[in-house]
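In: No letters, just coordinates:
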């Protein structure tokens, strides 16, 4: 009985952590998640690929290998600026109702965006943002309930001063997206990749 209770407790902790991360992301001012989307014009084609278990598994594994390889390159690129980002960066793959990967994202600490844009204290972007402070409890980040906002006096100053933009994320994705297109073309005739939302905007 103790094993099942521990598993239930672990699941609840993971749910609480994920909920805190989602809330923090929603408060950050982003209007949509940063994801690479893979859509098929033909739902029948997606169904037919999924029906062949070996082919579906091969597709998912190929996409996963690409995401892991891109993550390794991203870690190597940012490690000189932030070991925490390099350590915590990881890919997220989401599957559709057929079990096929159709969304790819990359998770990393919030300050990775600041490094990319050249933003830091007193040097914010044009719009600003709000976010919920998280704290680490028992090795997990949980919500503090404290919402922080960009200081209005810092707006429009990012990319100036001592910390210039270091575009570590966009360049890697842009250079590697062609490989993902090749993978998709090997399995689907009508699948289209939409990577517009994955990039960190200025």
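Out: Noted; the coordinates are in hand. For clarity, every value in this text was computed on a predicted model and none was experimentally measured. Numbers count the residues shown, from 1 in each chain.
In: helix/strand/coil for residue 38?
Out: strand (DSSP: H, G, I helix; E, B strand; the rest coil).
In: count of neighbours near it?
Out: Number of residues near residue 38 (other Cβ atoms under 10 Å) recorded here: 24. All C-beta spots, glycine's among them, are computed from the backbone N, C-alpha and C.
In: begin at 27 from here
Out: With 27 as the first residue, the last one maps to residue 64.
In: Would you confirm that it contacts residue 128?
Out: Yes - in this structure residue 64 lies within contact range of residue 128 using Cβ atoms under 8 Å: 5.0 Å.
In: now the helices for the protein?
Out: Ranges of helices in the chain, per DSSP state H, are 28-53, 69-77, 79-104, 109-114, 137-143, 196-211.
In: lowest average confidence, helix or strand, in the chain?
Out: One helix or strand of the chain scores below all others by mean pLDDT, DSSP states H and E: helix 28-53, with a mean of 56.
In: mean confidence score for stretch 102-122?
Out: Per-residue pLDDT over stretch 102-122 has a mean of 94.
In: as a whole number, average confidence for stretch 142-159?
Out: In the prediction, stretch 142-159 has an average pLDDT of 56.
In: before we move on, the earlier item: most tightly packed of the helices of the chain?
Out: Across these, the average number of neighbours (mean count of other Cβ atoms under 10 Å) peaks for helix 137-143, which reaches a mean of 20.
In: tell me what that helix is packed against?
Out: helix 109-114 (3 or more Cβ pairs under 8 Å, 6 or more residues apart in numbering; DSSP states H and E).
In: tell me which strands and helices the helix it packs on is in contact with?
Out: Contacts defined by 3+ Cβ pairs under 8 Å, 6+ apart place helix 109-114 against helix 79-104, helix 137-143.
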